[in-house]
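> no FASTA, just this:
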């Protein structure tokens, strides 16, 4: 006995759907890691090297700024294609879920670093000055002052980024990356199973809602300003 | 204690400080006053090298700051406290954490940090506010936390950049009392930048008057003492109704 009858089509494709969800989680998960591990430092460099900042460095700023802009100028589909040789060099193949994480991570770094830069710009300049006057090194200014003061903005930015990563991940079908979006297109659209496509969209909506709700709650909770 | 020698500073070609030499003796409360744009804040910020001078030398307690490496400079800054007009506390840290961070930066012995932080908060009368966040405090209380933070590492100099300029008269008196206390009980040399004549007159024993990036004059005065201002509503009405041309 089932309380709510599971639609026939979902039961029929259960295995594929779970696999697609798994692939989406891998692709988005790796993107999040790249965003935090590399995007955060890159965004921090953009901020602290900017003109008028305490650790101003025009050369470093220009180079990093250009890199981020170039990556973000690509239509994402073209970036994926353009990066195929690089992906092959890194992973050994340009096809599959693992390979798909490469272009996704690159765009993730560029995307989140801009949001990090913006979040850090919201920190009052005086806070950094106080830190420097207390003898803080650049590393200490960043970790003990900047990140602490900007933490809710950093979380909100990451939330926005994650939702974009989900969207980016939906087109990774072109390199066999799989995922929910790819499943929705192949089965729902190309095989005219419109109901299946709608169910996939519903899954995505729920996922995005959950992420946004979590992000907003966490950022509010850690904001004591 | 502090000596500046032929110090100049300009911002994008505009000279803000023009070859200033100044020395401040140990134990002084040295006021710097002048019109807006006279360069008094910049002069103060040159003392701990928050602004690097274009030329000239800065010396504080025997350390020639302008000749130090970055690392040595950071080390020396730990013995020069500084407070600001807008307090510059970390809003996402509690009162206690704000003081603690100064001790962490100075690698103060771990086991004694808590005791020292509380001691500083007690000195400014905010021991019971240690778990509050700055947003929950009044302006005067925030400035006292900033003072506790600046005192944490036993500085011998305290630089004050318009410390009372965003406070009401009553709170101003409160902060000036704390500053005098620091000077007298702890023997800390204080440099106080303010555009408020009353503030300078009440606690400074030596004053520098600045104009257009230069020192107009430096001389000794006798501090007038802090006037306990009445801030009750009744007193305010009385003052407003007063026929006198100007208030004292």
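Noted; the coordinates are in hand. These numbers come from a predicted model, not from an experiment.
> near chain B, anything from the host helix or strand of residue A:116?
Assigned by DSSP states H and E, residue A:116 falls within helix A:97-121. No. Judged by C-beta under 8 Å from any C-beta of the partner chain, helix A:97-121 makes no contact with chain B; its nearest approach is 12.6 Å. Bear in mind the C-beta positions are built from the backbone N, C-alpha and C, glycine included.
> next structured bit after that helix?
Heading C-terminal from helix A:97-121 (DSSP H and E), you reach helix A:125-133.
> which neighbouring elements make contact with that following helix?
When contacts are defined as 3 or more C-beta pairs under 8 Å, 6 or more residues apart in numbering or on different chains; DSSP states H and E, helix A:125-133 packs onto strand B:80-83.
> the helix or strand just after the strand it packs on near chain A at all?
Next along the chain after strand B:80-83, taking DSSP H and E as the criterion, comes helix B:95-105. Yes. Helix B:95-105 is in contact with chain A by C-beta under 8 Å from any C-beta, via B:101, B:102, B:104, B:105.
> same thing with stretch B:163-177?
No. With C-beta under 8 Å from any C-beta as the criterion, chain A is not reached by stretch B:163-177; the gap is at least 11.9 Å.
> quick check: buried residues in that stretch?
Neighbour counts over stretch B:163-177 (16 or more other C-beta atoms under 10 Å in any protein chain shown) mark B:163, B:164, B:167, B:171, B:172, B:173, B:174, B:175, B:176 as buried.
> can you flag which of these belong to helices?
B:171, B:172, B:173, B:174, B:175, B:176 (DSSP state H).
> that older thread, and the furthest pair within the buried residues of stretch B:163-177?
B:163 and B:173 (12.4 Å; C-beta to C-beta).
> which of the residues of helix B:95-105 next to chain A sit farthest apart?
B:102 and B:104, at 7.3 Å, using C-beta to C-beta across the residues of helix B:95-105 next to chain A.
> can you report how many residues neighbour residue A:206?
10 (other C-beta atoms under 10 Å in any protein chain shown).
> what residues does chain B put near chain A?
Counting by C-beta under 8 Å from any C-beta, the residues of chain B near chain A are B:48, B:50, B:74-78, B:80, B:82, B:84, B:86-93, B:101-102, B:104-106, B:133, B:135, B:146, B:149, B:153, B:159.
> so among the residues you listed, which ones count as buried?
By neighbour count, with 16+ other C-beta under 10 Å, the residues of chain B next to chain A hold B:48, B:50, B:74, B:76-78, B:80, B:82, B:84, B:86-93, B:101-102, B:104-106, B:133, B:146, B:149, B:153, B:159 as buried.
> let's see the pLDDT reported for the closest residue to residue B:162 other than its chain neighbours.
Distances taken as C-beta to C-beta, 6 or more residues apart in numbering or on different chains put residue B:85 closest to residue B:162, at 3.9 Å, once the chain neighbours are dropped. Per-residue pLDDT puts residue B:85 at 95.
> test my guess that residue B:85 contacts residue B:172.
No. Assessed by C-beta atoms under 8 Å, residue B:85 is found out of contact with residue B:172, at 12.0 Å.
> still on that earlier bit, and the residues of helix B:95-105 next to chain A as CSV, adding pLDDT and distance to residue B:208?
Formatted as CSV, the residues of helix B:95-105 next to chain A follow (pLDDT from 0 to 100; distance: C-beta to C-beta, whole Å):
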residue, pLDDT, distance to residue B:208
B:101, 97, 32
B:102, 96, 28
B:104, 96, 35
B:105, 95, 30
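> will you turn those into CSV that also has distance to residue A:179?
Formatted as CSV, these follow (distance: C-beta to C-beta, whole Å):
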residue, distance to residue A:179
B:101, 44
B:102, 49
B:104, 44
B:105, 46
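> so which residues of chain B form strands?
Ranges of strands in chain B, per DSSP state E, are B:2-11, B:14-24, B:29-34, B:55-60, B:63-64, B:80-83, B:157-161, B:189-193, B:206-211, B:214-220.
> would you turn the ones you listed into CSV with distance to residue B:235?
Formatted as CSV, these follow (distance: least, C-beta to C-beta, whole Å):
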stretch, distance to residue B:235
strand B:2-11, 39
strand B:14-24, 37
strand B:29-34, 27
strand B:55-60, 42
strand B:63-64, 48
strand B:80-83, 29
strand B:157-161, 28
strand B:189-193, 27
strand B:206-211, 29
strand B:214-220, 33
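> any low-confidence regions in the chain?
Picked chain A for this. A:1-4 (pLDDT under 70).
> ah, no, chain B please
Those would be B:230-231, B:243-248, if you go by pLDDT under 70 across chain B.
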